[in-house]
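Visitor: this one's structure only:
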């Protein structure tokens, strides 16, 4: 038996594990969305597709001890909705498979149910079914369903040289919040509250995603739950382009937090995970319309650079160029 | 705080937990399948529905230590397909959220992927996406998708007085197999192999379910994963009828196993869980067509009694009547 086959999940990491699994699956013909994009899909007719997503939250690795069960359950829904947002798809219904430790109480169950319902209702979706059983650890496995016009789906591939790279918001708050939770960092009460809230009560950019879909100017899109740098590498790789960035918008609070704790704010913004902004590329001729569409729903669209022929990711600020590395949050590897 | 709210999941049990959760959910209007049926559904247009199901397998409670990872992964798929079978719906695509202990090896991951793919391919479905992360225990959360004609769905409600109650096969093998695994029982090698195989390699009655749907004579249907007695109580309760049974088909092997181990074969057949036969009611005028339809696909349809006005479940064999209790496999309660 080769050494490789005995490597543990911890060494392999999430991305390699997904690749191993995919290698053993019989591919379905003519799926409208390639394996590995933010969502999966099945054709319903020539124009319409059923959009599906599943993402699992596990207590041990995904829920800091300061997070309430309400927040954990809500987050399990929101992280799935964020993937729908990035494709420009309205979620209709969710199913939840729930693994509960045997000592959880009725009050715990009620709190989880309220969190699930809030998460779905905030984004116009309903929980219509599920399953529950005993588990060693809290497990909230959500599957989400919606329908979409095939031609309107915003995939990870599709960015063209010259397209504008843009974000629906500034980055770094969740990474700063997670540093606070890990200990060794400080922040005054107001700042602490704001940073922790970004971890405990994340928002999916669904209104922004739907507005971007409707404007028709987006060439590629991804959510940023594995971090900004990783998401941009995915977009670049699947679109066969590079990106030259002239800025990385860092949330104001994060710069302040980084300064007072001797941390690099840019590092937090680029390589922290658990972010829920959308990272998109927009055709130059549609830029004004895209920006206006997002602003109409109360959001913002921040241009940060251009797609380039050179297949590299570079941040060029004040003529100082630095490469953006292909790293970010990865299950198994990023923990412990 | 009331005492009730501090009761643990172990005391509440699966059914009460599901009820508590449901009480906290905003119901979706006009769903084509009521909450709590074997599957969930969303209307796509006036005639067509999207059918959805999620069911989670957890290593600690659902996987005997003698079961391979290939078998566990395959079973996670098959138990979801069984629910589709009971509604007469062909599954199209599955998504899998996988929780893996960090010490699982590449070989383990490959075995799981092969089990997932086999389970799906045996029933004409494809795995088109998923998610993986670290968990304390193996978690295989499957979500299944398909489409169906709304009018053809075989729901749990719908049985009418006089309808024939029927099963797609004899019962008791998995219950006997589980007794073998728990220890204290014996069986000669050939019998042992057959009983364990019913636990390790369950079959979903998809061909039978689709044939029953096509014959149009089924008034109500449920799968039997929580046991025959429990499934019949569910059917009776949701259809506002009772059932008078004149037999319970017990697998031949099980009678032999029970005799040699001093067990009650009927108890194993009625109250054991992990069964994957379909329990259906058939309109009397359609009985011949339903039986022929199932036999055409290589299956069998065994009549066991009639639906009655009296809302009770009675087994009447040789003029000796006994009540069938509303018990069966229930997560949290049935364990430990």
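Guide: Perfect, I can see it now. This is a predicted model, so every value here is computed, not measured.

Visitor: distance between the helix or strand harbouring residue A:50 and the chain's centre?
Guide: Taking DSSP states H and E as the criterion, the element that holds residue A:50 is strand A:48-58. The chain centroid and the centroid of strand A:48-58 are separated by 13 Å under Cα atoms, centre = their mean, to the nearest Å.

Visitor: so how far is the helix or strand hosting residue A:234 from its chain's centroid?
Guide: Taking DSSP H and E as the criterion, residue A:234 maps to helix A:228-239. Shown here is helix A:228-239, whose average C-alpha point lies 12 Å from the average C-alpha point of the whole chain (Cα atoms, centre = their mean).

Visitor: Give me the residues contacting that helix.
Guide: Taking contacts as Cβ atoms under 8 Å, 6 or more residues apart in numbering or on different chains, the residues outside helix A:228-239 that touch it are A:155-160, A:165, A:167, A:171, A:219-224, A:242-243, A:248, A:269-273, A:275, A:277, A:279, A:281, A:307, A:311, A:313, A:324-329. (Glycine included, C-beta is placed from N, CA and C.)

Visitor: before we move on, the earlier item: direction included, what does the strand holding residue A:50 pair against?
Guide: On the basis of DSSP bridges, the sheet neighbours of strand A:48-58 come out as strand A:40-43 (antiparallel), strand A:139-149 (antiparallel).

Visitor: quick one: the strands in the stretch 101-250 of chain A?
Guide: Assigned by DSSP state E, counting those that start in this stretch, the stretch 101-250 of chain A shows strands spanning A:126-134, A:139-149, A:164-167, A:218-223, A:242-245.

Visitor: immediately after the last one, which helix or strand?
Guide: Read in the C-terminal direction, the helix or strand following strand A:242-245 is helix A:252-261, with elements assigned using DSSP H and E.

Visitor: need the next SSE after that following helix, C-terminal direction.
Guide: Reading on from helix A:252-261 to the C-terminus, the next helix or strand found by DSSP H and E is helix A:265-271.

Visitor: For that following helix, enumerate the helices and strands it packs against.
Guide: On a contact count with 3 or more Cβ pairs under 8 Å, 6 or more residues apart in numbering or on different chains; DSSP states H and E, helix A:265-271 meets helix A:173-182, helix A:228-239, helix A:252-261.

Visitor: Whatever helix or strand residue A:11 lives in and chain B, any residue contact?
Guide: Using DSSP H and E, the element containing residue A:11 is helix A:9-23. Yes. Helix A:9-23 comes into contact with chain B when judged by Cβ under 8 Å from any Cβ of the partner chain, the residues involved being A:9-10, A:12, A:14, A:17-18, A:20-21, A:23.

Visitor: Give me the helices and strands touching that helix, please.
Guide: Under the contact definition 3+ Cβ pairs under 8 Å, 6+ apart, helix A:9-23 sits against strand B:93-100, helix B:106-122, strand B:126-134.

Visitor: quick one, which of these is nearest to residue A:68?
Guide: Residue A:68 lies closest, by Cβ to Cβ, to one member of the helices and strands packed on helix A:9-23: strand B:126-134, at 20.5 Å.

Visitor: ok and that closest one relative to helix A:9-23, angle-wise?
Guide: Taking axes from the mean of the first three to the mean of the last three Cα atoms, to 10 degrees, strand B:126-134 and helix A:9-23 form an angle of 180 degrees between their directions.

Visitor: partners of strand B:126-134 in the sheet?
Guide: Strands adjacent to strand B:126-134 in the sheet, as given by DSSP bridges, are strand B:93-100 (parallel).

Visitor: how far off helix B:106-122 does the partner strand point, in degrees?
Guide: Computed by the same axes, to 10 degrees, the angle between strand B:93-100 and helix B:106-122 is 160 degrees.

Visitor: What pairs with the helix or strand harbouring residue A:304, parallel or antiparallel?
Guide: Element membership for residue A:304 (DSSP H and E) is strand A:302-308. Each strand pairing with strand A:302-308, determined using DSSP bridges, is listed with its direction: strand A:164-167 (antiparallel), strand A:242-245 (antiparallel).

Visitor: Identify the residues contacting residue A:148.
Guide: Contact analysis of residue A:148 by Cβ under 8 Å, 6+ apart lists A:41, A:48-49, A:51, A:87-90.

Visitor: so where's chain A shaky on pLDDT?
Guide: Low-confidence segments of chain A, defined by pLDDT under 70: A:1-3, A:335-336.

Visitor: quick revisit: which among the helices and strands packed on helix A:265-271 is found nearest to residue A:133?
Guide: helix A:173-182 (29.2 Å).

Visitor: Return the distance of the closest one from the chain's centre.
Guide: For helix A:173-182, the distance from its own C-alpha centre to the chain's C-alpha centre is 17 Å (Cα atoms, centre = their mean).

Visitor: Now do it: which elements does it pack against?
Guide: helix A:189-200, helix A:252-261, helix A:265-271.

Visitor: export those to TSV and tack on mean neighbour count?
Guide: Compiled in TSV, the helices and strands packed on helix A:173-182 are given as follows (neighbours: other Cβ atoms under 10 Å in any protein chain shown):
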stretch	mean neighbour count
helix A:189-200	17
helix A:252-261	18
helix A:265-271	21
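
Visitor: got those helices as CSV, with distance to residue B:261 columns?
Guide: Supplementary listing: the helices and strands packed on helix A:173-182 in CSV, determined by distance: least, Cβ to Cβ, whole Å:
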stretch, distance to residue B:261
helix A:189-200, 54
helix A:252-261, 67
helix A:265-271, 60
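
Visitor: So what touches stretch A:107-125?
Guide: Among residues not part of stretch A:107-125, those counted as contacts by Cβ under 8 Å, 6+ apart are A:68-78, A:81, A:90-94, A:96, A:98, A:100, A:126-127, A:140, A:144, A:146, A:204, A:206, B:1, B:5-6, B:9, B:12, B:17, B:20-21, B:23-26.

Visitor: So chain A: which segments form each domain?
Guide: For chain A, whose domains are defined here by automatic domain parsing, the residue ranges read A:31-151, A:164-323.

Visitor: quick one, which of those is nearest to residue B:34?
Guide: Using Cβ to Cβ, the domains of chain A put domain A:31-151 closest to residue B:34, at 9.8 Å.
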